[in-house]
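kindly generate the corresponding structure for this input.
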Amino acid sequence: MDLQALMLAMEATASAAEKPVAVEVPGWGTVYVRGLTAADMDTQIGKEGQSKKHQWAAGVCRIMCDETGARNWNPDDEAHVALMARQPWSLLHKLTAAVEGDGPKG
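Got it, this is the predicted structure:
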């Protein structure tokens, strides 16, 4: 594959990663998530002084969005991260599985 064709293919995957996925979560109803990009991961990894739990909860905040794909949880807002960290793993796992493509969406 030549560089131009590869760049076009990569543009398509970047656009797909930004599309919201609807997930039915018991007790919450329909919520939306979107995939993380390499840039998102760069901001997530290696923040000094944060526990793994905090980093993971902030990561879930990064995938939460509205039905248009606009992120609506702030991974730098301590109240958002703290609330996310208190949620049952089974519910958060539904969200992460949906963006990873290895779990049920509903």
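
could you use CA atoms for every contact and neighbour count after this?
Noted.

Cys65 contacts Leu95, correct?
No - using CA atoms under 8 Å as the test, Cys65 is too far from Leu95 to be in contact (11.0 Å).

chain center to the longest helix along the chain: distance?
The longest helix of the chain (DSSP state H) is helix 3-17. The chain centre lies 20 Å from the centre of helix 3-17; the measure is CA atoms, centre = their mean, to the nearest Å.

by contact count, what packs against that helix?
The helices and strands touching helix 3-17, judged by 3 or more CA pairs under 8 Å, 6 or more residues apart in numbering; DSSP states H and E, number zero.

helix or strand right after that helix?
strand 21-25 (DSSP states H and E).

ok, back up a step: who's more crowded, Cys65 and Leu95?
Between Cys65 and Leu95, counted using other CA atoms under 10 Å, the more crowded position is Leu95 (27 against 22).

any weak-confidence spans in this structure?
42-50, 102-106 (pLDDT under 70).

can you give me the strands for it?
In the chain, strands defined by DSSP state E lie at 21-25, 29-33, 64-65, listed in chain order.

out of these, indicate the one that is most buried.
Here the criterion is mean neighbour count by mean count of other CA atoms under 10 Å, and of these the winner is strand 64-65, at a mean of 23.
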